[in-house]
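Student: build me a structure from this.
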Amino acid sequence: MPNIEVNGLNTYYEVHGEGPPVMLLHGGFGNAPSMSPMTDILSKHYKVYLPERRGHGHTADPGEINYELMAEDTVGFMAALGIEKARIVGYSDGAIICLYLGIRHPGIVERMVPVSANYHWNGLTEHMRAIFEKSTPQAMAAILPDEVKYYNENNPDGPDHFPVFFAKMQKLFLSQPDLTTEDLAAIRVPTLVLAADRDLMTIEHTVEMHKAIEGSQLCIIPGANHGLVFDRADEVCAAAMRFLSG
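Tutor: Numbering: from 1, shown residues only. Below you'll find the model as predicted:
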């Protein structure tokens, strides 16, 4: 699979399928292959682009990692490949990036589906915030063994850098995003807010996001948790594709 220079980053990405372009944005600590349950479905109808963001997968850590910079990297990635406008589906951190794109770069977004997003760090449940606060690189390797193994085998910074990368991501989760409902009210692109009923953020936070984005639709997958894009990918993709084809 190819690499492309984006904002000074040698960015790895994958492309699957044919059809209208869809940007599929992975979650925190994730990578392109980690989204394969959704990719396998979406690529039957769309040309799916999966960039690995700064510090993730094959893409090195350039120093600072935050949602604004990762959103700008997404803009740069699309520009580098000549993609003027796309449907955008993001999961977890990728969903937060969707929100930043909708606010700051609506011209490149045809429709977007943020899956399991929180628009402010205080939207996390108390339980999940406590887990993030107490987590360690070793604990993350136990929770996400495939993702950490992939990082250790492929990231140009090497496995010794993972604790550094982990610390940056832990800080990110506990202090960002810090968007407001007023920020979300600026979003005018068609949006489907999608989440699990037992997600990392409270259901009230998800509903607030939906209400703040004018004209948005809301889909809650019942009996699901934050792993919905993996173990309930068929339902998530069915809802997303109904919306994306509208």
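
Student: for the rest of this, base every contact and every neighbour count on C-alpha atoms.
Tutor: Noted.

Student: any chance you could map the strands in the chain?
Tutor: Using DSSP state E, the strands of the chain run over 3-6, 9-16, 21-25, 47-51, 86-91, 109-115, 192-198, 217-225.

Student: make CSV out of these and add mean neighbour count.
Tutor: Converted to CSV, the strands of the chain look like this (neighbours: other CA atoms under 10 Å):
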stretch, mean neighbour count
strand 3-6, 16
strand 9-16, 19
strand 21-25, 25
strand 47-51, 23
strand 86-91, 23
strand 109-115, 25
strand 192-198, 24
strand 217-225, 16
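
Student: OK, contacts around residue 236?
Tutor: Residues counted as contacts of residue 236 (CA atoms under 8 Å, 6 or more residues apart in numbering) are 221, 228-229.

Student: so how far is residue 160 from the residue positioned nearest the centre of the chain?
Tutor: Residue closest to the average C-alpha location in the chain (CA atoms, centre = their mean): residue 94, at 1.2 Å. Counting by CA to CA, to the nearest Å, the separation of residue 94 from residue 160 is 25 Å.

Student: what does residue 29 give?
Tutor: Going from residue 29 to residue 160 by CA to CA gives 15 Å.

Student: which one's more surrounded, these two?
Tutor: residue 29 (21 against 9; other CA atoms under 10 Å).

Student: contacts only, for that one.
Tutor: 56-57, 147-148.

Student: same check, this time on residue 112
Tutor: Residues in contact with residue 112 (CA under 8 Å, 6+ apart) are 87-90, 98, 189-192, 244.

Student: cool, residue 83 as well?
Tutor: So, once contact is read as CA under 8 Å, 6+ apart, residue 83 ends up touching residue 21.
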